[in-house]
Structures are given as C-alpha cells and as structure tokens.
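1. what would the 3D arrangement of this be:
(chains A and B)
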Amino acid sequence: MAVDLSMPVLVVDDYQTMIRIIRNLLTQIGFRNIEEAKDGRQALEKMHGAKFGLVISDWNMEPMTGFELLQQVRASEALKATPFIMITAESKTENVIAAKKAGVNNYIVKPFNAETLKSKVKAVLGDF
Amino acid sequence: MAASEAALKIRTAIDTLKSSGVRERPLVEVLGLSHQMADAMQAFFGSLDRSIISEFQYIANYIQKTRDEISGLQPNDIGNARIPDASQQLDAVVRDTERATETIMSEAEMVMNREPTDLASYKAEVDAAMLRMFEACSFQDLTGQRIRKVISTLRHIEDRVSRFAGALGVQDSSAAETAEEKRNRELILNGPAMNGPATSQDDIDALFA
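-> So this is what the prediction gives:
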C-alpha cells in the first residue's frame, strides 16, 4: 500500500535552517503536512496533542535531546508505534547503537543529501 | 644547633664565670669559657641566617620568575585585544553564513515554487535567482579570512600558555567533571567528528539492514 503523503510529519531540530532544508526535501517528495518543533520537549508536547505518521529528529538539542525524545516516545503506550528517524551529526558507533537499542527506525548522518532522506523515509514507511 | 640548646650553653658559661670569680681563675679557663660562648652563638646565628636568607632568596627568585613569565604571557593584550577581536570575528562568521544561507534558500525556494507557464520569463527569473545565489556564495572568502585570524589568535595563546606552564613546571590537576560534561556523557553528546562522520552512512545502513 502506498504511503499517505497527507500524513502529519514532525521535524524536530533547534537549527531553523535544517528544519527548512528537511521541510523542502519532504515537500519535494510529496508530503504536504509538515509540523516543526525546536527541541524534544516541544516535540513531545505536540505529539501528545496530535498523531504524527513520522518523526524526523536531530539528536543534540536543549533542554531535551532527540535521544531523550526517542526514549520517551518508545516508553509511551500512546506514542510508541510512531516511526522515528534520527538525523544527526552524532556519528559515533556508540550513538547509532544506542539509538537502535532505544528503538529508532533509521539513522541519517549529517551532512546528508535528498536521496538519502528519500531512501530512509521509504525504508521506514514503504513506497510512495 | 637549636636556639634553646645555644641559650642553655651560654647561660651555663655565664653562671660558671659568676660563681667561680673571674679574678681567681686562670686566664686560660676564662678564655676557654669565652670561646665556648662565642662558638655557641656563632653556630646558632649562623645557621639561623643561612636558612632564612636562602629561603627568602628562593621565594624572591620564584616571584620574579613568575612575574616575568606572566608578563611574557601578555595577558592585557590577550584579554583586551585578541580575545574580543576573535569573538567579533566569529560573530561576523555566524552572521555572514546565516545571511548567505537565507539568501540561497529563499532564491532556491522561489525557483522551486515558480510555475514555468511562460518559459521566457521563467528563464529570466531563474537566471536572476542563480546570480543572486552566486553573489551570496562570496561570503566564503570573507569567513575564511576571519576564521584564519581566529586560528592565529588561538595559536598565539596556546604558545604563550604552554611556555608559561613549562617555565613554572605547572602540572595539570585532575578537575572534577562539570555539569555540562556530565550531561554530554550521559546523553552521548559527542558532537560532529573531524574530517567527516566517524561512522559512514553505509556502515550505519549495514547496522539497520
């Protein structure tokens, strides 16, 4: 079954330019309903208020990191099934393994290109 | 010789002279007692002077050396000129890159959202947008120069601090972990790696295959 491109996608990053880049790339793919949050705490508040079909999050943010957001999402009965992609400059193997253990669906290391984002979203959600 | 020991010897010698009556004693005996007193005093004051003078000399030399090294650090030049200048240069780098990014992204978004209904006007708009993007990229030349100035300042400070630490034989003490270091360790915040990602996207993909 093809992915519903009208599903809400939440992009979490403390750097507005990166949010803008990801938003433009997702728009190019065809997603039409893109929300933003500037850190894990704000993202969690938004997730408790609305259902998102995908979360794309940075790791290094304050006061709540993307890793903490992932842990909170996976610990919540209501949110734990939400697909979660980490996009981050944290590229040490220990980071990738920790995120995988915490339940991340895929991991993109910065800097990335449009094709990488597209292929990871496809790998997590299925064909567009 | 300890002060109490010297005082005791002197007191004993004086008491001996007083009680025996100097006139009735042979001169040799009086001289012997005098020598004994003189030796005791010389030994006491000699040792006292040498140790104190040598201690004060050492402290004075160390203070002078420290003053010379601190002066060599040029702390006023670093604190009043070099660090504020480096800070301003970095602020300018952030400002220039933000401005350039904003221009490039706005132009790209404009092109992406424009419908090519009239090909001639569409091409003219795209060409103009591309030129503005090229112009915005000129920030790189300026930021490169600014960052080189900051690097030069850091090297200047590193050089002087290393020389200072070497001259005074300063050893690093073990510092307690700061709150920020603790947070970074617990939340696995390593930051970007030098010379590209520490783990390639292909290796990450293999972990998720």
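2. from here on, contacts and neighbour counts on C-alpha atoms
-> Fine.
3. for chain B, what are the nearby residues on chain A?
-> Remark: the part of chain A in contact with chain B comprises A:17, A:24, A:60, A:65, A:67-68, A:89-96, A:106-110, using C-alpha under 8 Å from any C-alpha of the partner chain.
4. try 10 Å this time
-> Listed as neighbours of chain B in chain A under the rule C-alpha under 10 Å from any C-alpha of the partner chain: A:17, A:20-21, A:24, A:28, A:59-61, A:64-68, A:88-98, A:100, A:104-112, A:116, A:120, A:123.
5. and residue 64, backbone torsions?
-> You didn't pick a chain, so chain A it is. In terms of degrees, to the nearest 10, the main-chain angles of A:Met64 are phi -110, psi 130.
6. that's the other chain; I wanted chain B
-> Torsion angles, degrees, to the nearest 10, at B:Gln64: phi -60, psi -40.
7. and it, how far is that from B:Ala176?
-> 32 Å (C-alpha to C-alpha, to the nearest Å).
8. before we move on, what about A:Pro111?
-> Taken as C-alpha to C-alpha, the span from A:Pro111 to B:Ala176 is 34 Å.
9. show me which of these two is the more surrounded one.
-> More crowded of A:Pro111 and B:Ala176, by other C-alpha atoms under 10 Å in any protein chain shown: A:Pro111, with 11 against 7.
10. need phi/psi at the residue minimising distance to the centre of chain B.
-> In chain B, the centroid-proximal residue (C-alpha atoms, centre = their mean) is B:Val161; its distance is 5.0 Å. Here the main-chain torsion angles of B:Val161 (degrees, to the nearest 10) amount to phi -70, psi -40.
11. give me the contact list for stretch B:71-78.
-> Residues outside stretch B:71-78 that contact it (C-alpha atoms under 10 Å, 6 or more residues apart in numbering or on different chains) are B:65-67, B:81-85, B:153-154, B:156-164.
12. narrow those to those that are buried.
-> Neighbour-count burial within those applies to B:82-83, B:85, B:153, B:157, B:160-161, B:164; the criterion is 16 or more other C-alpha atoms under 10 Å in any protein chain shown.
13. how about those residues, which pair is most distant?
-> B:Asp85 and B:Phe164 (22.9 Å; C-alpha to C-alpha).
14. can you pull out the helices in chain A?
-> A:16-29, A:40-49, A:66-75, A:93-102, A:114-125 (DSSP state H).
15. how about those in CSV, adding mean pLDDT and mean neighbour count?
-> CSV is the format used below for the helices of chain A (pLDDT from 0 to 100; neighbours: other C-alpha atoms under 10 Å in any protein chain shown):
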stretch, mean pLDDT, mean neighbour count
helix A:16-29, 94, 17
helix A:40-49, 98, 17
helix A:66-75, 98, 21
helix A:93-102, 96, 16
helix A:114-125, 95, 15
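16. what does chain B put close to chain A?
-> Close to chain A, as judged by C-alpha under 10 Å from any C-alpha, chain B has residues B:98, B:101-102, B:105, B:108-109, B:112, B:184, B:187-193, B:196-205, B:207-209.
17. now for B:Ser71, how many residues are close by?
-> So B:Ser71, with other C-alpha under 10 Å, has 12 neighbours.
18. please disregard the earlier target; I meant B:Ala86.
-> For B:Ala86, using other C-alpha under 10 Å, the count is 20.
19. quick one: contacts for it?
-> B:92, B:146-154.
20. tell me which of those is nearest to chain A?
-> B:Ala92 (17.7 Å; C-alpha to the nearest C-alpha).
21. chain neighbours aside, what residue packs nearest to B:Ser191?
-> To be clear, residue B:191 is Gly; Ser isn't right here. Spatial nearest neighbour of B:Gly191, excluding adjacent residues (C-alpha to C-alpha, 6 or more residues apart in numbering or on different chains): A:Glu90 at 5.6 Å.
22. what's the neighbour count on the one you found?
-> 25.
23. let me know whether it touches B:Met194 as I believe.
-> No: with contact defined as C-alpha atoms under 10 Å, A:Glu90 does not count as touching B:Met194 (11.3 Å).
24. pLDDT at B:Thr16, what is it?
-> pLDDT recorded at B:Thr16 is 74.
25. from what I see, it and B:Leu33 are in contact.
-> Yes: using C-alpha under 10 Å, B:Thr16 is in contact with B:Leu33, at 8.5 Å.
26. so what sits against both of the two?
-> B:Ile10.
27. quick one, which of the two is more surrounded?
-> B:Leu33 (18 against 14).
28. contacting residues around the closest residue to the more buried one other than its chain neighbours?
-> The spatial neighbour of B:Leu33 that comes closest, neighbours along the chain excluded (C-alpha to C-alpha, 6+ apart), is B:Ala13 at 6.0 Å. Applying C-alpha under 10 Å, 6+ apart to B:Ala13 gives the contacts B:7, B:30, B:32-37.
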